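Peer 1: This is the structure alone, sequence omitted:
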């Protein structure tokens, strides 16, 4: 089983289309978005996913009511607890209290965004930041695929 992870798409619809294609082709079971979609029109590419989608709001997400409507109420306040196939995942945008939460061992994984920098740490709790899908800050557009079965995380370009 694989989980697709994305963050900080910042209205880059072209990058979102590529990420959706990547996740669909990989056959992931779930896609998590760690915030900063920004505008409601970004829901159009996400609607092409062949699997469930769950997201959280980021600090740049403006009209949260319109966003949540466009995303069929699949966006949540951060942090948000996701239970999927026996996994306990904490989905958040800003990495507030990240170290303390990880040390608590309350979650199998913590997924976050905000920094626009990809990171995978295997500690008490798996910590994943997929980097930025939008590519506006770092110049790199990346997502992550977490293979739960193989216990690996790959950061992939889009």
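Peer 2: Here it is on my side, so go on. Only a predicted model underlies this, so the values are computations on that prediction, with no experimental measurement involved.
Peer 1: ok, for residue 78, nearest residue in space, not its chain neighbours?
Peer 2: Once flanking residues are discounted, residue 78 sits nearest to residue 56: 4.0 Å by Cβ to Cβ, 6 or more residues apart in numbering. In short, each C-beta sits where N, CA and C put it, glycine included.
Peer 1: Let's test this: what are the backbone torsions at the one you found?
Peer 2: With angles defined as degrees, to the nearest 10, residue 56 sits at phi -120, psi 160.
Peer 1: what's the answer for residue 129, then?
Peer 2: phi -120, psi 120.
Peer 1: Tell me the secondary structure of the residue nearest to residue 9 when sequence neighbours are not counted, please.
Peer 2: Closest residue to residue 9 apart from its sequence neighbours, by Cβ to Cβ, 6+ apart: residue 133 at 4.2 Å. Put simply, residue 133 is coil when judged by DSSP: H, G, I helix; E, B strand; the rest coil.
Peer 1: ok, now which ones touch residue 133?
Peer 2: Residues near residue 133 by Cβ atoms under 8 Å, 6 or more residues apart in numbering: 6-10, 12, 15-16, 19, 141-143, 158.
Peer 1: ditto for residue 118
Peer 2: Contacts of residue 118 by Cβ under 8 Å, 6+ apart are 129-131, 140, 142, 144, 155.
Peer 1: how much space between it and residue 39?
Peer 2: Taking Cβ to Cβ, to the nearest Å as the measure, residue 118 and residue 39 are separated by 24 Å.
Peer 1: quick revisit: name the nearest of the contacts of residue 118 relative to residue 107.
Peer 2: Among those, residue 129 lies closest to residue 107 (Cβ to Cβ), at 14.7 Å.
Peer 1: Skipping adjacent residues, who's closest to that closest one in space?
Peer 2: Per Cβ to Cβ, 6+ apart, closest to residue 129 is residue 119, 4.2 Å.
Peer 1: where exactly do the helices run in the protein?
Peer 2: 13-26, 43-46, 64-70, 98-104 (DSSP state H).
Peer 1: I'd like to know which elements the third one is packed against.
Peer 2: Counting contacts by 3 or more Cβ pairs under 8 Å, 6 or more residues apart in numbering; DSSP states H and E, helix 64-70 is packed against strand 75-76.
Peer 1: Give the pairing partners of the strand it packs on; include direction for each.
Peer 2: strand 53-56 (parallel) (DSSP bridges).
Peer 1: which residues sit in contact with the residue most central in space within the chain?
Peer 2: The chain has residue 33 as the residue nearest its centroid, 2.7 Å off, counting by Cα atoms, centre = their mean. Residue 33 makes contacts with 6-7, 9, 46, 53-56, as judged by Cβ under 8 Å, 6+ apart.
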